[in-house]
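Peer 1: from the sequence below, what's the structure:
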Amino acid sequence: MENREKELLRNYGEVKSEIDRAAEKAGRKPDEIQLVAVSKFHPASDVEILFKAGHRVFGESYVQEAVAKSEELSALDIEWHFIGGLQSKKAKYVAGNFSLVHSVDSSKLAGLLNKKAVALGVKQNILLQVNSAGEEQKSGVSEKMLQNLAEEVMEFEGLELQGLMCLPPFFGDSESSRPYFRRLRELKEKLEKDLGISLPHLSMGMTDDYVSAIEEGATMVRIGTRIFGKRPV
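Peer 2: Below you'll find the predicted structure:
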């Protein structure tokens, strides 16, 4: 356990330093970027180590694992984000249990989250996931339908639209992802102008490409492997 703690704290410190450097290079303040530590497939004990080191925001992708982990760590004031693809039948378990849902990509899913949030008497913060690359195997609303979905979401009393998220094609390097990050920022700015709203967040950038994401305007980066290491088999 002692070795694991040292490993996690070293990795976490390095990532935080790299985020700070990327922000400064882009002429931004480091505190403009929120690190979402992606803890999926890793034990609650890892989350607890980073929590005790001062980190508060953790991302999970699978509903059952996330709920179990949040229950185990319920005594800690953790800000849980749901970042994975969300099946409609699981929406009722997500609404009200996560500070932010990054992966809303359809009016059906938004409606189910809204229904549960209203029943609970809460506002569920969400991001719209955009499939800018048009990859058939990936979730995400198309650019063409993005504004329509945003307008629908704005009508739901139980949802609060906070911004956009994307998962660009996997290239394994930061520069190849840059055009997709730039495009997401442009889409956000267009929505803000066309709908007269403020969208504070862009969730983009992971272990291999978060530096260019920050340079292109990310307010949240989702980093797992770089902090926790490879997922347990």
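Peer 1: what is the mean pLDDT for the helix or strand residue 113 falls within?
Peer 2: Using DSSP states H and E, residue 113 maps to helix 107-120. Per-region confidence: helix 107-120 scores 97 on mean pLDDT.
Peer 1: contacting residues around the residue nearest to residue 163 when sequence neighbours are not counted?
Peer 2: Counting by C-beta to C-beta, 6 or more residues apart in numbering, residue 201 is the residue found nearest to residue 163 once chain neighbours are left out, at 3.3 Å. Using the backbone N, CA and C atoms, a C-beta is placed for each residue, glycine as well. Counting by C-beta atoms under 8 Å, 6 or more residues apart in numbering, residue 201 makes contact with 100, 127, 162, 163, 164, 219, 220.
Peer 1: from those residues, which would you call buried?
Peer 2: Buried by 16 or more other C-beta atoms under 10 Å: 100, 127, 162, 163, 164, 219, 220, out of these.
Peer 1: the third one reaches residue 124, doesn't it?
Peer 2: No. Because the distance of 10.1 Å does not satisfy C-beta atoms under 8 Å, residue 162 is recorded as not touching residue 124.
Peer 1: counting neighbours, what do you get for residue 83?
Peer 2: Residue 83 has 28 neighbours, counted by other C-beta atoms under 10 Å.
Peer 1: longest single helix anywhere in the protein?
Peer 2: As assigned by DSSP state H, the longest helix anywhere in the chain is helix 2-25.
Peer 1: output the helix holding residue 113 as PDB, restricted to C-alpha atoms.
Peer 2: These are the backbone C-alpha positions of helix 107-120, laid out as PDB (Å, rounded to 0.1, in the frame of the first residue of the first chain):
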ATOM      1  CA  SER A 107     -33.000  13.800 -26.700                       C
ATOM      2  CA  LYS A 108     -34.200  10.400 -25.300                       C
ATOM      3  CA  LEU A 109     -31.400  10.200 -22.900                       C
ATOM      4  CA  ALA A 110     -31.800  13.800 -21.900                       C
ATOM      5  CA  GLY A 111     -35.500  13.200 -21.300                       C
ATOM      6  CA  LEU A 112     -34.900  10.300 -19.000                       C
ATOM      7  CA  LEU A 113     -32.300  12.200 -17.000                       C
ATOM      8  CA  ASN A 114     -34.600  15.100 -16.700                       C
ATOM      9  CA  LYS A 115     -37.500  12.900 -15.600                       C
ATOM     10  CA  LYS A 116     -35.500  11.400 -12.700                       C
ATOM     11  CA  ALA A 117     -33.900  14.800 -11.800                       C
ATOM     12  CA  VAL A 118     -37.400  16.400 -11.500                       C
ATOM     13  CA  ALA A 119     -38.600  13.500  -9.400                       C
ATOM     14  CA  LEU A 120     -35.700  14.000  -7.100                       C
END
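Peer 1: which strands and helices sit next to the next helix or strand along the chain from it?
Peer 2: Downstream of helix 107-120, the first helix or strand assigned by DSSP H and E is strand 124-130. Helices and strands in packing contact with strand 124-130 are listed as strand 100-104, helix 107-120, helix 143-154, strand 159-166; criterion 3 or more C-beta pairs under 8 Å, 6 or more residues apart in numbering; DSSP states H and E.
Peer 1: out of those, flag the one nearest residue 176.
Peer 2: strand 159-166 (13.8 Å; C-beta to C-beta).
Peer 1: identify the residues contacting the very next helix or strand once past the closest one?
Peer 2: Sequence-wise, the next helix or strand downstream of strand 159-166 (DSSP H and E) is helix 174-195. With contact meaning C-beta under 8 Å, 6+ apart, helix 174-195 is reached by 130, 132-133, 143, 146-147, 150-151, 154, 163-166, 168-169, 171, 197-199, 202, 204-205, 208-213, 215-218.
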